[in-house]
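Student: No sequence on hand, only this structure:
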């Protein structure tokens, strides 16, 4: 996996501008919200929901034989911008606990609502597993 960082650009914080990977098994992970395996939210707060959503992404990835470092792209949809901004430090700690220092390409999109209530954040991902 090669991180793409154009010369002269300031480095991004908490994400990569681009990633190039050799051909392998591509895994597309549907939007995951912060509910448990029984589709129940254990919290209405953004940080626990983010942690569970990321755990859900990684669980689906593991089914394909993948690990966190295989994630190339994550798109986050959040319907509570003030809560997200207030929790950034906590979200960063959760990220590092689950993903380490791996920062794929990421986009954060703020939306008016999510389908699954009381969801505040949804994560979808794409991963590429190395060729076998």
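Tutor: Received the coordinates, thanks. These numbers were taken from a predicted model, which means no experiment stands behind them.

Student: I figured residue 33 was touching residue 49, is that so?
Tutor: Yes: with contact defined as C-beta atoms under 8 Å, residue 33 counts as touching residue 49 (7.0 Å). All C-beta atoms are positioned from the backbone trio N, CA, C, and that covers glycine.

Student: Strands along the chain, start to end?
Tutor: 2-4, 18-20, 25-33, 71-78, 105-110, 121-129 (DSSP state E).

Student: could I get those strands as TSV with distance to residue 45?
Tutor: Listed next are these as TSV, based on distance: least, C-beta to C-beta, whole Å:
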stretch	distance to residue 45
strand 2-4	32
strand 18-20	31
strand 25-33	13
strand 71-78	13
strand 105-110	17
strand 121-129	10
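
Student: Show me what whichever helix in the chain runs longest is packed against.
Tutor: Ordering each helix of the chain by length in residues (DSSP state H) puts helix 46-63 first. Packing partners of helix 46-63 (3 or more C-beta pairs under 8 Å, 6 or more residues apart in numbering; DSSP states H and E): strand 25-33, strand 71-78, helix 88-99, strand 121-129.

Student: For residue 63, which of those is the nearest?
Tutor: When these are compared by C-beta to C-beta, strand 25-33 sits nearest residue 63, at 8.8 Å.

Student: was I right about residue 2 contacting residue 19?
Tutor: Yes: between residue 2 and residue 19 there is a contact under C-beta under 8 Å: 6.9 Å.

Student: which residue is nearest the centroid of the protein?
Tutor: Most central in the chain under C-alpha atoms, centre = their mean is residue 74, positioned 4.5 Å from the mean C-alpha point.

Student: where's that residue relative to residue 122, distance?
Tutor: 11 Å (C-beta to C-beta, to the nearest Å).

Student: before we move on, back to that, any idea which of the strands of the chain is most buried?
Tutor: strand 121-129 (a mean of 22; mean count of other C-beta atoms under 10 Å).

Student: Please report the confidence value the model assigns to residue 28.
Tutor: As predicted, residue 28 sits at a pLDDT of 94.
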